[in-house]
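# Return atomic coordinates for the entry below.
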Amino acid sequence: MTTLKVHNFETAPKESKALLEKSQKAYGMIPGLHGVLAGAPKILEAYQTLHELFTQTSFNEEELTVVWQTINVEHECHYCVPAHTGIANMMKVDNDITEALRNKTPLEDAKLEALRTMALTIVKNRGHVTQDDLNAFYAAGYGEQHVLEIILGLSQKVISNYTNHIANTPVDVPFQQFAWKAETV
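Numbers count the residues shown, from 1 in each chain. Now for the predicted structure:
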């Protein structure tokens, strides 16, 4: 099992300290992921920036959750699935949506299911989608902007999911109640 150091204010490189203060202010704690990312100040800055940008897209809170959790589950991220379950609860996202995403089951809402399907297709096929994939997504009420915004969310999730795999980041105490393990086949 691999691990990377989870930094705090005392151990983080000088260039990461202001970024960790930003995390502390935003979340009331330094999330473990942010502590790991602090080991390379520019990746922590990139992650925070991508997070801010993604939350400012045209997606509402349910749609943000669908993109984040679809990717987290597909990437089998032991840290991000529980974290985003807690975040979804804070954002008042319907628990049925969250549970369906965690369990890889189709969403009841057809538009959200089209979003889940497109995000999953982009991840699984490394961006290679067909015109039929796009047409089905557009028929559900989405457009080209949404395709590109999924890629923005994916960029954020690649940083967090891959880092958590390598670092084996411990799940933060507030999210431990939402522990999740990838389904073994």
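# Geometric centre of this structure: which residue is closest?
When the chain is reduced to its mean C-alpha position, the closest residue under Cα atoms, centre = their mean turns out to be Trp68, at 3.8 Å.
# The closest residue to that one other than its chain neighbours: neighbouring residues, count only.
Leaving aside its chain neighbours, Trp68 sits nearest to His84 (5.0 Å; criterion: Cβ to Cβ, 6 or more residues apart in numbering). Placement of C-beta: from N, CA and C, glycine included. By other Cβ atoms under 10 Å, the residues close to His84 number 28.
# So His84 versus Thr169, what's the distance?
According to Cβ to Cβ, to the nearest Å, His84 and Thr169 sit 14 Å apart.
# Tell me the residues that contact both of those two, please.
Shared contacts of His84 and Thr169, defined by Cβ atoms under 8 Å, 6 or more residues apart in numbering, are not found at any residue.
# quick one on the thing from earlier: would you mind measuring from the residue nearest to the centre of the chain to Ala182?
Trp68 is 16 Å from Ala182, where distance means Cβ to Cβ.
# Next: Ser155.
From Ser155 across to Ala182, the span is 22 Å (Cβ to Cβ).
# and what of Gly141?
Counting by Cβ to Cβ, the gap from Gly141 to Ala182 is 31 Å.
# Give me the longest helix you can find in this structure.
Of all the segments of type helix in the chain, defined by DSSP state H, the longest one is helix 144-167.
# Give me the contact list for that helix.
Applying Cβ under 8 Å, 6+ apart, the external contacts of helix 144-167 come out as 2-4, 6, 33, 36-37, 43, 46-47, 50-51, 53-54, 57-59, 64, 67-68, 71-72, 75, 77-80, 115, 118-119, 122-123, 127, 134, 137, 169.
# Selection in PyMOL covering whichever of those residues are buried, please.
Of those, the buried ones can be selected in PyMOL as follows, counting by 16 or more other Cβ atoms under 10 Å:
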select buried, resi 4+6+33+36+37+43+47+50+51+54+57+59+64+67+68+71+72+75+77+78+79+80+115+118+119+122+123+134+137+169
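# which residues touch the closest residue in space to Glu61 that isn't next to it in sequence?
Counting by Cβ to Cβ, 6+ apart, the nearest residue to Glu61 once its immediate chain neighbours are dropped is Met91, at 4.3 Å. Neighbour list for Met91: Glu61, Leu64, Thr65 [criterion: Cβ under 8 Å, 6+ apart].
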